[in-house]
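# Kindly generate the corresponding structure for this input.
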Amino acid sequence: PTGGDPTPIPTGEPTLAPTISCAKKRVRFSLELQTDEKGEDTTWFLKMKTKKKGFRNKLKGTNLASNKLYRRQICIKKKKCYKFIIKDKKKDGLCCSHGLGYYKITRNGKLLKNSTYNNDNRYEIKKFGCKQ
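Numbering: from 1, shown residues only. Below is the predicted model of the structure:
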């Protein structure tokens, strides 16, 4: 048949999730996480500081698949203190013993941390929005 658009050829590029819009007094937190060959060893948490009970969970990732790219976005309060924690049960991080994993976190598009977490620490923590 003539006319019409040809079938698009897949490019192999991942499709980016649309950016979410946040209400006033809120900003966008984004996580991009590529797990290694041992995704089940990795867990992560986004915690917000409260007045009375320390930090409480706002978002978390557990039971992660191996060799998978995760993208998450959430609107968070602009003037609150947060911490992002990523843990590895076996203390070998996301890179490079068992693949090429990494994570990247942003707040309103501004890079907070980009890491391969390639050390023998049980976890990494990044605080942001906190008064010193």
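
# Give the next helix or strand downstream of the least confident helix or strand in the chain by mean pLDDT.
Across the helices and strands of the chain, the lowest-confidence element by mean pLDDT, DSSP states H and E is strand 95-96, at a mean of 80. From strand 95-96 onward toward the C-terminus, using DSSP states H and E, the following helix or strand is strand 99-100.

# okay, and for the protein, where does confidence drop off?
Filtered on pLDDT under 70, the chain yields the residue ranges 1-18, 119, 132.

# can you give me the strands in it?
Applying DSSP state E to the chain gives strands spanning 26-34, 42-49, 55-61, 69-77, 82-88, 95-96, 99-100, 102-107, 110-115, 123-128.

# ok, back up a step: which other helices and strands contact the least confident helix or strand of the chain?
Packed against strand 95-96, as judged by 3 or more C-beta pairs under 8 Å, 6 or more residues apart in numbering; DSSP states H and E, are no other helices or strands. (C-beta placed from N, C-alpha, C; glycine too.)

# what are the pairing partners of it, and which direction each?
Sheet pairing here is set by DSSP bridges, and for strand 95-96 it gives strand 99-100 (antiparallel).

# contacting residues around the partner strand?
If you take C-beta atoms under 8 Å, 6 or more residues apart in numbering as the criterion, strand 99-100 is touched by 34-38, 66-67, 116.

# Next, give me the two most distant ones among those.
For these, the maximum inter-member distance is 16.1 Å, found between 66 and 116 (C-beta to C-beta).

# so what's the most centrally placed residue in the chain bridging to?
Most central residue of the chain, judged by C-alpha distance to the mean C-alpha position with C-alpha atoms, centre = their mean, is residue 31 at 2.4 Å. When bridges are assigned using DSSP bridges, the partners listed for residue 31 are residue 72, residue 105.
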